[in-house]
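Q: Below are the sequence and a predicted model; questions follow.
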Amino acid sequence: MEIASLKGAEEIAKLDIQERTKRAMLAESVEDRIFELVDELEQIVEKNNGVLEGDAREEAVELAKQTKALQIQYDDLVNGRPSSLLELGKK
């Protein structure tokens, strides 16, 4: 994730301070959630001795999908690309 943020530094530098701050705060929250999901996924795998079947498999797949979606959002935020997260709370 740090590599993604380094690549986007030039684009982020072009943004005003308010947007940079908002992006940084959102990216930090997204990153925290990614780590939480990875921990949950590891617990499921460990609990099932590495064999994921039935409900455990469904849960693991859902966690993996959420993680991937958040990684994309994180990458967009730190690279100065449009992100749906920036629109949250706007009316």
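A: Right, received. Where do you want to start? Residues are numbered from 1 along each chain as shown.
Q: residue ranges of the helices in this protein, please?
A: Along the chain, the stretches classed as helices by DSSP state H are 2-7, 9-13, 17-47, 54-78.
Q: for the residue most central in space within the chain, what are its contacts?
A: By C-alpha atoms, centre = their mean, the mean C-alpha position of the chain lies nearest to Leu70, the distance being 2.9 Å. By C-beta atoms under 8 Å, 6 or more residues apart in numbering, Leu70 lies in contact with 30, 33-34, 37. The way it works is simple: take the backbone N, C-alpha and C, and place the C-beta from them, glycine included.
Q: Recalculate using a threshold of 7 Å.
A: Contacts were defined as C-beta atoms under 7 Å, 6 or more residues apart in numbering; by that measure Leu70 touches 30, 33-34.
Q: so where's the protein shaky on pLDDT?
A: Within the chain, the stretches falling below the threshold (pLDDT under 70) are 1-2, 4-6, 89, 91.
Q: Please consider this matter closed, and thank you.
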